[in-house]
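# model this:
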Amino acid sequence: MMRMKSWKKVCLAAALCVPVATGIAGFASSGADITPEPPHPAHWPSNTTVLPGDGKPTLLLFAHPFCECTEDTVRELQRILADLGKRPLPAIRVLFFRPDNAGKPGAQTVWKPGESWRQASRLPGVSVDWDDGGREIGKFQAGTSGLILLYSAGGNLLFEGGITTSTRHEGDLVAFPGLEGENYGAARLARVLATGRPATGKPSPVFGCALGHRSSAGT
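Model prediction:
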């Protein structure tokens, strides 16, 4: 069992905050191995209980409440949305993993809203909820805290990936050869939100703690 404070130390030590992506062979600046994210649904799942935006795109952010790396993702998302100006904003749904046995006798970790939850709650038009047992995480095949999925109003996947460049970093940092000075993931998401067209190129890596059954070790 692991208490909340100990979990944060592990996350900050980058034992769990690792780059995860689909279709990227290596991560140039860190030299870290990249574990593939599972394939995400190309269309909005029919069995999800998450409500999509009414006639507008829906942005999903999957998060672990103790993952401090995800705080960077939320701040970067705030910046991207602010830069959209008067363009229409998507509906935003933030889902925080919580195991089924949270709060039961013997569970030492206190699963409650933290800093990343408070930051996420300040996003425009956002809905922030617990995902007990990681059920919705499983339906969307989200493997890592900080993963963003953007679906069109018609339910088609437009964007998948992360929007930070390394653990505990955000903003315009070097992440990939040929993209010096550009936050690859943030730039891709900003283009999709501005144009409504699906992202092109390789999905960006996600930096954060593992979700699902690997996260349940924190109870």
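# counting contacts, what elements does the lengthiest helix in the chain pack onto?
With residue count as the measure and DSSP state H as the assignment, the chain has helix 69-83 as its longest helix. Counting by 3 or more C-beta pairs under 8 Å, 6 or more residues apart in numbering; DSSP states H and E, the packing neighbours recorded for helix 69-83 are strand 58-63, helix 115-121, helix 184-195, strand 206-208. All C-beta spots, glycine's among them, are computed from the backbone N, C-alpha and C.
# what does the next helix or strand after that helix rub up against?
Downstream of helix 69-83, the next assigned helix or strand under DSSP states H and E is strand 91-98. Among residues not part of strand 91-98, those counted as contacts by C-beta atoms under 8 Å, 6 or more residues apart in numbering are 50-54, 56-65, 111, 113, 116-117, 120, 123-134, 136-137, 145, 211-212, 215.
# repeat that for stretch 49-56.
Judged by C-beta under 8 Å, 6+ apart, the contacts made with stretch 49-56 from elsewhere in the structure are 44, 58, 60, 88-91, 93, 95, 127, 136, 151, 153, 155.
# ok, and the most crowded of those residues?
With neighbours defined as other C-beta atoms under 10 Å, the most crowded of the contacts of stretch 49-56 is Tyr151; it has 26 neighbours.
# narrow the contacts of strand 91-98 to those that are buried.
50, 52-53, 57-65, 111, 116-117, 120, 123, 126-128, 130-131, 133-134, 136-137, 145, 211-212, 215 (16 or more other C-beta atoms under 10 Å).
# hmm, back to that, rounded mean pLDDT for the longest helix of the chain, please.
Per-region confidence: helix 69-83 scores 92 on mean pLDDT.
# so which residues make contact with stretch 121-128?
With C-beta under 8 Å, 6+ apart as the contact definition, stretch 121-128 has outside contacts at 51, 74, 77-78, 81, 89, 91-94, 96, 117, 120.
# quick check: Gln119 touching Asp72?
No: with contacts defined as C-beta atoms under 8 Å, Gln119 does not count as touching Asp72, sitting 9.9 Å away.
# neighbour count winner among these two?
The neighbour comparison of Gln119 against Asp72 (other C-beta under 10 Å) goes to Asp72, with 26 against 19.
# now do the more buried one against Ala82, distance only.
When C-beta to C-beta, to the nearest Å is the yardstick, Asp72 and Ala82 sit 16 Å from each other.
# what about Gly154, distance to Gly138?
Relative to Gly138, Gly154 is positioned 23 Å away (criterion: C-beta to C-beta).
# can you check Thr144 too?
Using C-beta to C-beta, we find Thr144 at a distance of 14 Å from Gly138.
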